[in-house]
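Trainee: The following comprises the amino acid sequence and a computationally predicted model.
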Amino acid sequence: MSRILAVGSKESLSRLDKLDGNIVPVQLISFEPVPVAFAKNEFDWVFFGSRRGVRYFLDAVPVDSLKGVHFGCVGEKTAEALRQRGMKAAFVPSRYSSTYWPTEFLEQFPDARGILFPTSDLSTFQPPKSFKEKGIQFQKLVVYRTVCADTDFPEKEFQGVVFASPSCFNCFEEKWGLDVLRGKVLVAIGDVTGKAILDAGLSCSIPNRFTMADAIRHCRKQIESS
């Protein structure tokens, strides 16, 4: 069976099948909180693009300061992380994509005043022009930073690589370069991750569902059909 590298954080790799020796976990990034200065101001929405955003934001911000605020989440996994903290997402897009959700959000909530977006120091997400046209304030709030881990390059040959985030791909490139990826089947979890890979001059595909398990299944199918 094809050997696949699953490149991610400890969190994203935690649900891998530990008995499947053909899946090689490569923990390339870790995270740490940063000091947060939060003022509710005109924001009536907080939108989370990941479970980490939920964790680090709610660890830093008093719950009492969020009364009357609505929450949005990029996908069900993120919404579940929010539920575990005793809060409910009022909006989860039908497609798990950081580039798609603004369109659907505006269709459902055209009267939103402002959106706060807790994220990492490496986030490249930019709100669409339609937010400004609708008078919606949008502000990123950095609540954690991403750190490249000190990891050895996996031994033995591999046929495919799954990247969990743009940070994973960037750390991989920084540590080991791109030549080792040429001729391999590359799979990106999410549109933004896919863009990072394409911008580097490599090809990749994106699974319909943005989970590590789905991405690995997708990668195997791509290898079998190549």
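Mentor: Good, I have the coordinates.
Trainee: Next up, the contacts around Q137.
Mentor: Neighbour list for Q137: 42-43, 113-115 [criterion: C-beta atoms under 8 Å, 6 or more residues apart in numbering]. For the C-beta atoms, the positions are set from N, CA and C on the backbone; glycine is no exception.
Trainee: Go again with 10 Å.
Mentor: 41-45, 112-116, 127, 131 (C-beta atoms under 10 Å, 6 or more residues apart in numbering).
Trainee: Over to S94?
Mentor: Per C-beta under 10 Å, 6+ apart, neighbours of S94: 100-101, 104.
Trainee: Just among the residues you listed, which is most surrounded?
Mentor: W101 (21 neighbours; other C-beta atoms under 10 Å).
Trainee: any idea how far it is from Q27?
Mentor: From W101 across to Q27, the span is 28 Å (C-beta to C-beta, to the nearest Å).
Trainee: likewise R51?
Mentor: Separation of R51 from Q27 (C-beta to C-beta) stands at 16 Å.
Trainee: where does this structure dip in pLDDT?
Mentor: 18-19, 98 (pLDDT under 70).
Trainee: can I see the domain layout of it?
Mentor: 4-31+150-225, 34-146 (automatic domain parsing).
Trainee: And the last one, end to end?
Mentor: If I follow you right, that is domain 34-146. 10 Å (C-alpha to C-alpha, to the nearest Å).
Trainee: now stretch 143-162
Mentor: 26 Å.
Trainee: Would you mark the buried spots in it?
Mentor: Going by neighbour count (16 or more other C-beta atoms under 10 Å), the buried part of stretch 143-162 is 143-144, 146, 154, 158-162.
Trainee: between the residues you listed, which is nearest R85?
Mentor: Minimum distance to R85 across the buried residues of stretch 143-162 is 13.9 Å, recorded for V143 (C-beta to C-beta).
Trainee: so how far is D152 from the closest one?
Mentor: 30 Å.
Trainee: cool, and G194?
Mentor: 27 Å.
Trainee: can you check F91 too?
Mentor: Taking C-beta to C-beta, one finds F91 at 42 Å from D152.
Trainee: Helix or strand: which one has T119?
Mentor: T119 belongs to strand 114-120 when elements are defined using DSSP states H and E.
Trainee: Kindly report the same for K88.
Mentor: Going by DSSP H and E, K88 is not in any helix or strand.
Trainee: Surely it and A79 touch.
Mentor: Yes - in this structure, K88 is within contact of A79 by C-beta atoms under 10 Å, at 8.0 Å.
Trainee: okay, these two: which has more neighbours?
Mentor: A79 (22 against 10).
Trainee: report the longest helix in this structure, please.
Mentor: Secondary structure of the chain per DSSP state H: the longest helix is helix 212-225.
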